[in-house]
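> Generate coordinates for the sequence data below:
(chains A and B)
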Amino acid sequence: MAVNKTGLVLLVTILFAVLLAGCGGSNNENGAASSAAASKQSASAAVASDDAAQGDKADTSKPVTLKMVLISDGAPDAKLVYEEVNKKLQQDINATVDIEFIPFADWQKAYSLKFASGEDFDLIVTATWGQFADYARKGAFKALTPELMKTYAPRTLESSKQEVLDAGTVDGQLYALPMNYREISVYGYVVRGDLMKKYGIKAIDSLDDYESYLKAVAEDGSGLVPWEATSYDNWIIPHMQLQELRDRYEMGTLGVSVDLATNQIVDASASDPQALALYKRMKTWNEKGYISKNSLVNKVSSKDSFVNGKSATFLTNLLDANATFQTVQAAHPDWDVRFYPINTSNKVVANSYMANGMAINAKSKNPERALMLLDLFKNDAWYNQTTTYGLQGKHWDRSADGKLILLPDSPNYPPDGTCPWGWRDERYYLTSKDGLPNFDEVMKSQRDRVALTKLNDFQPDLDKIKTQQAALADVASQYQAPLTLGFAKDVDKAYDELLAKRKQAGFEKLQQELQAQIDRYVAAK
Amino acid sequence: MIKELRKHKVLFAMMVPAVVYFFLLCYLPMAGTVLAFKNYRFDKGIFLSPWAGLDNFEFFFRSGKALLVTSNTVLYNAAFIVSGLLLQLAVAIVIAEMGGRFLRKAAQSVLLFPFFLSWVVVGAIVYNLLNYDYGFLNVLLRAVGLQPIDFYSSPGWWKYILLFFHNWKYVGYNSLVYLAAIIGIDRSLYEAASIDGANVFQRIRRITLPLIVPTTVIMVLLSVGNIFRGNFDLFYQLVGSNGLLFNATDVIDTFVFRSLLSSQDIGMSAATGLYQSVVCFAVILATNALVRRVQPDYSLF
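I've put the predicted structure just below:
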């Protein structure tokens, strides 16, 4: 062949590199992880033997730096706030803390990589919505033995009721410290009062009222998108209409709902006329443009769109609505933002205390100091409120009647914005002075209707049903999401398909296994 | 062997870094494949976690979608390979034949540019082109009085959209290899052909194409070796979590990502990865054997 020789050598080199690069791929992470894991293990063994020698006195002679992983998009002043926190931490427990924020987008991926890659960190946020029990069973968290707790977190033991600690317990071992706060998620509609006045809508007390609001906005021709329905808020309507308003309890992220009266799992592969009717309604909303045509693909959240004046409503929980109210009030007082709760007469199921909590990495080199830090954050008003609201006098202040006042710098460290949820505490959590006018009223009305269920602290063991769980997760994203947003062209057909796919994905097996676990759990309680 | 070593010692020395690199980063981590058969525990690590038998494979084959996503992956990749090959060859030949130096460099740069955009950016561009309310294409359609098209709920379009953007992004870069091969061809052949009166098409047909066949075959073999691996970034960034399109756009990688995002079972994702590797390995062996039967000089090994 009459091919120039240098060219050939060059070519072969390139090709060889390409060929070999092909076999590289993602495998290299694993190797690194395993060796890192091995070295961590020996380190933690060494620490453990140190403990035993010390008995039950906390030793803080050596300065340490703790690393804490939180899920949040961060805040401009987070560094400033934690600098102050660190000054005090150094005096109190001779430690400083570095915060790493995992952004909300695809947080699940980053979260599990933190453990799988064997990264060196000490504290991490965990929750029922973050598969707390699953991670605990897979050995991600350090077990907090009674001895550890007594030595390093005595104030927490004192301040937490047994039911709080129970919520952080999996298979008899305490793996996380749940927040000391009985949280209720109050979901509702956030709408603009000025538009309601314009269209003559007095209140939004039902889905019908909400529909008239959307209709009025859509027909106004002002170019305002009625409802973006992206990401976070588009599951709220089906959740409320099909579960909470029918006295059902939706379990974590499993997509399984349980009848509150009987503790029986509802068969999600059987036809449900109410669901079908709701999906049909959503289809008309979609067709008439009440829901944005881009809701399945848009990456801008409904809330951002609302705050920026691009859309007329979004759905969220009361706390977030309150924060939104405060943000908007500063920029557009004329909007008259209002919040209408969806559940106005039914039972309200309070969240598990483990709806937020903090755990210690099983591979942490300084679990004792990490536990001491949590003890401070959970039981010291200054630490708790500084991490939650920012620096007093700069970001917030306390009114004469003990309420939260936000100062002009607050947007740089929004209340509750940097994931201090894991150490939230009833004693230090403030209601805001200039929040939603109906905040207290809504809260009281909900608290009056709270129903406790034993299932709150039930930690399903997914090991035997992980195949079905994965298949059902896929079915939900492919077949359910388009239905709930009204994208399915033929609702009856799409709904039948959803049911068939659920059956095929093994819903029955999942139901049987979980039901057996629930029965055992309820009987034991 | 020793004689060989001595004779080409410079060449062998040049190979050492690559061999070390691939041994450390490709061969050693292969031990991690055991994850596919393990019930992974964070505290025990890869090798000490308990065995799970074939449980981790169950999810993929029981899902009822194994066939669909596998065939989607293979068909998309086959389309990428064929269309890519034709376009890349065409681009390389045209650029090689282009007269002006400035024009040639300009054309090459323009074609190369999309390669440096991340898929996230491409995803945003596509969204702004195609979305229903204010996408550029739909604004254009409305302006000329046509019905706007709701691309994001019409699976039928996506075959072409994905194919277009895949080629748009990669043609410039991949044609470089062919360009290098064409430039490596002895110029005297072309001069002789011109003297004999061959026009530009005859020169391409009789000289360029036959002489870059070996390169072409190797490139095709290399891409066929990855035919069971979907380009996750392409599919995920362009389609996202839009369930309406999944039947037309789901490849193995996006399906596994979505199913396991909430449960985060590392063993199960490792199992699917192993499945892809094993099938890829079989395919590359088969194709290579086929090539060797037809023309032994062109096969990879």
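> Just the element for A:Ala312, please.
Using DSSP states H and E, A:Ala312 sits in strand A:311-317.
> How about residues contacting that strand?
The contact list for strand A:311-317 (C-beta atoms under 8 Å, 6 or more residues apart in numbering or on different chains) reads A:185-192, A:195, A:210, A:213-214, A:217, A:224-228, A:232-233, A:236-237, A:292, A:302-303, A:305-306, A:324. Using the backbone N, CA and C atoms, a C-beta is placed for each residue, glycine as well.
> From those residues, list just the buried residues.
Buried members of these, counted by 16 or more other C-beta atoms under 10 Å in any protein chain shown: A:185-192, A:195, A:210, A:213-214, A:217, A:225-228, A:232-233, A:236-237, A:292, A:302-303, A:305-306, A:324.
> check the residues you listed against chain B, which are close?
Contacts with chain B within those, as defined by C-beta under 8 Å from any C-beta of the partner chain: A:225, A:292.
> The buried ones among the contacts of strand A:311-317 in helices, which ones?
Among these, the ones falling in helices (DSSP state H) are A:195, A:210, A:213-214, A:217, A:236-237, A:302-303, A:305-306, A:324.
> Output the residues you listed in JSON lines; the columns should cover pLDDT.
JSON lines is the format used below for those (pLDDT from 0 to 100):
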{"residue": "A:Leu195", "pLDDT": "95"}
{"residue": "A:Tyr210", "pLDDT": "96"}
{"residue": "A:Tyr213", "pLDDT": "96"}
{"residue": "A:Leu214", "pLDDT": "96"}
{"residue": "A:Val217", "pLDDT": "95"}
{"residue": "A:Ile236", "pLDDT": "92"}
{"residue": "A:Ile237", "pLDDT": "93"}
{"residue": "A:Ser302", "pLDDT": "90"}
{"residue": "A:Lys303", "pLDDT": "89"}
{"residue": "A:Ser305", "pLDDT": "90"}
{"residue": "A:Phe306", "pLDDT": "93"}
{"residue": "A:Thr324", "pLDDT": "88"}
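> which among these gets closest to A:Ala400?
A:Ala400 lies nearest to A:Thr324 out of those, by C-beta to C-beta, at 26.1 Å.
> can you pull the contacts of the closest one?
By C-beta under 8 Å, 6+ apart, the residues touching A:Thr324 are A:190, A:303, A:306-307, A:316, A:337.
> what about 7 Å?
With contact set as C-beta atoms under 7 Å, 6 or more residues apart in numbering or on different chains, A:Thr324 has these partners: A:190, A:303, A:307, A:337.
> Which one of the residues you listed is nearest to A:Met354?
Distance to A:Met354 across the contacts of A:Thr324 (C-beta to C-beta) is lowest for A:Lys303, with 25.5 Å.
> nearest residue to that closest one other than its sequence neighbours?
A:Phe314 (5.3 Å; C-beta to C-beta, 6 or more residues apart in numbering or on different chains).
> Per the annotation, how does chain A divide into domains?
Chain A breaks down by automatic domain parsing into domains covering A:32-183+A:354-389, A:187-349+A:456-524.
> Identify the residues contacting stretch A:292-304?
A:225, A:227-234, A:311, A:314, A:316, A:324, A:481, A:485, A:487, B:127, B:131-133, B:150, B:152, B:240, B:242, B:244.
> Can you give me the pLDDT of the residue of the stretch 151-300 of chain B found nearest chain A?
Evaluated by C-beta to the nearest C-beta, the stretch 151-300 of chain B has B:Gly184 as its residue closest to chain A, separated by 2.5 Å. B:Gly184 is assigned 91 on the pLDDT scale.
> And for the one 10 residues further on?
Per-residue confidence at B:Ser194 stands at 90 (pLDDT).
> Leaving out chain neighbours, which residue sits closest to it?
Distance criterion C-beta to C-beta, 6+ apart; nearest residue to B:Ser194, sequence neighbours excluded, is B:Arg203 at 7.5 Å.
> Which residues belonging to the helix or strand harbouring the one you found are considered buried?
Using DSSP H and E, the element containing B:Arg203 is helix B:200-203. Neighbour-count burial for helix B:200-203, counted by 16+ other C-beta under 10 Å, picks out B:Arg203.
> do the same with stretch A:460-473
Within stretch A:460-473, the residues that qualify as buried are A:460, A:462, A:465-473, counting by 16+ other C-beta under 10 Å.
> Now whatever residue of the stretch 101-250 of chain A ends up closest to chain B: phi and psi?
Relative to chain B, the nearest point of the stretch 101-250 of chain A is A:Gly139 (3.2 Å; C-beta to the nearest C-beta). Reported as degrees, to the nearest 10, the phi and psi values for A:Gly139 are phi 80, psi 30.
> ok now do it, which residues does it touch?
For A:Gly139, the contacting residues are A:362, B:41-44, by C-beta under 7 Å, 6+ apart.
> Distance to A:Arg281 and secondary structure for the residues you listed - can I get that in a markdown table?
Below are the contacts of A:Gly139 laid out as a markdown table (distance: C-beta to C-beta, whole Å; DSSP: H, G, I helix; E, B strand; the rest coil):
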| residue | distance to A:Arg281 | secondary structure |
| --- | --- | --- |
| A:Ala362 | 48 | coil |
| B:Arg41 | 46 | coil |
| B:Phe42 | 44 | coil |
| B:Asp43 | 48 | coil |
| B:Lys44 | 50 | coil |
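> Kindly indicate which of those residues lies nearest B:Leu274.
Comparing the contacts of A:Gly139 against B:Leu274 with C-beta to C-beta picks out B:Arg41 as the nearest, at 19.2 Å.
> Against A:Lys347, how distant is the residue lying closest to that closest one once chain neighbours are set aside?
Spatial nearest neighbour of B:Arg41, excluding adjacent residues (C-beta to C-beta, 6+ apart): A:Gly139 at 4.3 Å. In this view, A:Gly139 and A:Lys347 are 37 Å apart by C-beta to C-beta, to the nearest Å.
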